[in-house]
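Chemist: Next input, structure requested:
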Amino acid sequence: MSGFVSNPMDKAEVSKIAIFGIANYAWNISMYDPIATWKKASYLLMPEAPEAFLLFNSHNSNLGPNGHGYRRDESVELKPYVQSFLSEYRNGTFLNDEAARIRLEFERIVDATEEIAKKSKNERLLEQISPWLRHFRHLGKAGMHRTALADAIHAGRPGQGWKQFLLVEKETDSMNYIDQHFNQNPYQPGIRTGSLVLEPLIWEIMEIASVYYADSLLQSGGSRNTESTISKLLLQTAIISNSEVFSKQPLMVRNQYVAFSPKLEVVSLEENGFFGFEIDSNLVAERLEVNFEDPNFAKWGQIEASADGSEWKPLPYRLDSGKGMVRFPDETFRQIRVRNKSAQKQDFYLKTFKLTVKER
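Modeler: Got it, this is the predicted structure:
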């Protein structure tokens, strides 16, 4: 195909940043500067708070996992500081300059969300980015408490650190709530901000702190919500597949299930191709719901489960046109997959592949 191609979102105002870039590129290809164009578009779309909007955009440019494999860099200016800080912190060294720069960025994030909400006159734009803006504000606060947490642990102030630990958890719980209840578009559901650099930084510091505060967490464990615990375990779900398309497909994680996000286009499995999940050892697979919209699925599709990833057991199923439910008689199964048992490539639709679990 020859030509200029655009694929705007269903959110018209937010899409104008990308559309502006396409127009600028088409106007003068040889002089096109993507970074300068991106900044100019941010200024034009939110002239009342351009720097704040640009900061918001700079930490929210990555698309996240998707079946096409399209990704964007993110948090470019802060990334070297995060990498240096984490590299040394893992070995017990606290880099004050890097920590200060990271904390400043999280403070700027909180300020930017307030400035955007108060100053922008583009009501439709604010409406469209509102869940992401709220999530971003909680991310900024979580990052500020995280920096104080890391400092307290390194300085040997466990009491102060524990207070910061609980504050980080409070903010991340709010982030999880927004992710679970807004933008529930099945194709790329939920709300994520700073997912490429900022969120991983917070999670890693929390993992280190969880080891440090293991006794305190054990004592407070009785108050933990079971659904929240299952959700956290489900986040550890791994995709198992020998097909690149399925390996990159985003997942939907909810209170008691994990599912592949459906695809609009037809997907294919080569001979002996497979895709599925491997769940945490603390979870038990209860049932699998599928919908492949293929009346011939029974002729080529095999649903299998394994406890160790090496010995696979075929599971009986009754599906109507590739749609139905499978239950698991064995609680040791940790891997569940669909395999093409035929001798040729099969085309079908990935409408539903949803695994419901319970805590072991």
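
Chemist: Just read off the phi/psi values of Arg337.
Modeler: Main-chain torsions, Arg337, degrees, to the nearest 10: phi -150, psi 160.

Chemist: same question but for His59, I mixed them up
Modeler: With angles defined as degrees, to the nearest 10, His59 sits at phi -100, psi 10.

Chemist: ok, it - contacts?
Modeler: Residues in contact with His59 (Cβ atoms under 8 Å, 6 or more residues apart in numbering) are Glu74, Ser75, Ile109, Phe136, Thr193, Gly194, Val197, Leu198. Every residue, glycine included, has its C-beta placed from N, CA and C.

Chemist: again, 10 Å this time
Modeler: Applying Cβ atoms under 10 Å, 6 or more residues apart in numbering to His59 gives the contacts 74-78, 105, 108-109, 112, 136, 139-140, 193-199.

Chemist: quick one: Asp173 is in a helix?
Modeler: Yes. Under DSSP: H, G, I helix; E, B strand; the rest coil, Asp173 sits within a helix.

Chemist: measure it to Asp10 for me?
Modeler: As judged by Cβ to Cβ, to the nearest Å, Asp173 and Asp10 stand 28 Å apart.

Chemist: Which one's more surrounded, the two?
Modeler: The neighbour comparison of Asp173 against Asp10 (other Cβ atoms under 10 Å) goes to Asp173, with 13 against 8.

Chemist: Buried ones from the contacts of His59, can you make that a ChimeraX selection?
Modeler: Listed next is the ChimeraX selection for buried residues among these, using 16 or more other Cβ atoms under 10 Å:
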select :74,75,78,105,108,109,112,136,139,140,193,194,195,196,197,198,199
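
Chemist: Against Thr356, how distant is Phe260?
Modeler: 14 Å.

Chemist: Just want to know which of the two has more residues nearby.
Modeler: The neighbour comparison of Phe260 against Thr356 (other Cβ under 10 Å) goes to Phe260, with 24 against 17.

Chemist: List the residues that contact the nearest residue to that one once chain neighbours are set aside.
Modeler: In space, and not counting its chain neighbours, Phe260 is closest to Phe353: 4.4 Å by Cβ to Cβ, 6 or more residues apart in numbering. By Cβ under 10 Å, 6+ apart, the contact set of Phe353 is 246, 249, 251, 258-262, 275-277, 288-292, 336-338.

Chemist: In helices, which of these fall?
Modeler: Judged by DSSP state H, the contacts of Phe353 include Phe246 as members of helices.

Chemist: still on that earlier bit, what bridges to the residue nearest to Phe260?
Modeler: Taking DSSP bridges as the rule, Phe353 bridges to Val290.

Chemist: do you know how far it is from Gly92?
Modeler: Separation of Phe353 from Gly92 (Cβ to Cβ) stands at 43 Å.

Chemist: Ok, Phe275 next?
Modeler: Distance, Phe275 to Gly92, by Cβ to Cβ: 41 Å.

Chemist: out of those two, which sits in the more crowded spot?
Modeler: Legend: neighbour count by other Cβ under 10 Å for Phe275 and Gly92, higher for Phe275 (22 against 7).

Chemist: Please look at that one and Ile240 and confirm they touch.
Modeler: Yes. Using Cβ atoms under 10 Å, Phe275 makes contact with Ile240 at a distance of 7.1 Å.

Chemist: Can you check which residues contact both of these two?
Modeler: Common neighbours of Phe275 and Ile240 (Cβ under 10 Å, 6+ apart) are Phe246, Ser247, Arg337.

Chemist: how about low-confidence regions in the protein?
Modeler: 1-4, 215-228 (pLDDT under 70).

Chemist: can you give me the helices for it?
Modeler: Using DSSP H, helices in the chain cover 12-27, 34-45, 50-58, 79-89, 96-119, 123-155, 158-181, 198-212, 214-220, 226-234, 244-247, 297-300.
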